[in-house]
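Visitor: Following is a predicted model, sequence given first.
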Amino acid sequence: MSDLYTEVLVQKKFTGKDMAIKVGLIFLTVLLAVAGLLIIPWFLIGAVALGVVDYIFIPRLSVEFEYLYVNGELDIDKVFSRAKRKKAGRYDLSKMEIMAPANSHRLDSYNNNSAIKLVDYSSGMEDAKVYAMIIPAEKELQKVMFEPNDVMLQDIRMKLPRKVFMD
């Protein structure tokens, strides 16, 4: 029997907020460095510390999500600056209650439930085809937002035809 394997990579939208954080951090670092060289040398220590924060934090602003579907399990990883990878979630889709487009009326009974935790692994693009799945996590239900491609949708639907809706 062959394995169902699908991999999708989605780039998260770089927002104005992300740009403001990046520019602000770099500006403060340069400002402290110049102040340390011209006014008070102690500011150089702050510039070095802020430079370390820049080195750690700025690459985390560029995020891609990698969805990997293999035989009923969906693994989602965050890839930072195309270099570092972090496991974001692992879901056993046999436990899933429903999966449908995020704006589908089939999710209406779940949308107003405050006990459901929203987990967003989508790109944030306005024209993206975002799907939501309702799945139990450790102690709560989660509404997981992600952007599978058509092949991944067909693979999941083949495995769980009564839980996946494409309308």
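Guide: That came through fine.

Visitor: quick one, phi psi at the residue nearest the centre of the chain?
Guide: Centroid-nearest residue in the chain, with C-alpha atoms, centre = their mean: Tyr121, separated by 3.3 Å. Main-chain dihedrals, Tyr121, degrees, to the nearest 10: phi -120, psi 30.

Visitor: Might one say that it is in contact with Lys143?
Guide: No: using C-beta atoms under 8 Å, Tyr121 is not in contact with Lys143, being 11.2 Å away. Heads up, the C-betas are built off the backbone N, CA and C, glycines and all.

Visitor: Scan the protein for its longest helix.
Guide: Ordering each helix of the chain by length in residues (DSSP state H) puts helix 16-38 first.

Visitor: quick revisit: need the per-residue pLDDT for the residue nearest to the centre of the chain.
Guide: Tyr121 carries a pLDDT score of 93 in this model.

Visitor: residues touching the closest residue to Tyr69 other than its chain neighbours, list them.
Guide: Closest residue to Tyr69 apart from its sequence neighbours, by C-beta to C-beta, 6 or more residues apart in numbering: Thr6 at 4.6 Å. Counting by C-beta atoms under 8 Å, 6 or more residues apart in numbering, Thr6 makes contact with 67-69, 148-149, 151-152, 155.

Visitor: what helix or strand is Thr6 on?
Guide: In this assignment (DSSP states H and E), Thr6 forms part of strand 5-11.

Visitor: So for that strand, mean pLDDT?
Guide: 87.

Visitor: Could you check it and say which residues are buried?
Guide: With burial defined by 16 or more other C-beta atoms under 10 Å, the residues of strand 5-11 counted as buried are 6, 8, 10.

Visitor: for the chain, where's the lowest mean pLDDT among helices and strands?
Guide: One helix or strand of the chain scores below all others by mean pLDDT, DSSP states H and E: helix 108-111, with a mean of 83.

Visitor: Next secondary structure after it?
Guide: strand 117-120.

Visitor: separation between the closest residue to Met152 other than its chain neighbours and Leu68?
Guide: Distance criterion C-beta to C-beta, 6+ apart; nearest residue to Met152, sequence neighbours excluded, is Thr6 at 4.2 Å. From Thr6 across to Leu68, the span is 8 Å (C-beta to C-beta, to the nearest Å).

Visitor: so Ile98 touches Met133, yeah?
Guide: Yes: between Ile98 and Met133 there is a contact under C-beta under 8 Å: 6.9 Å.
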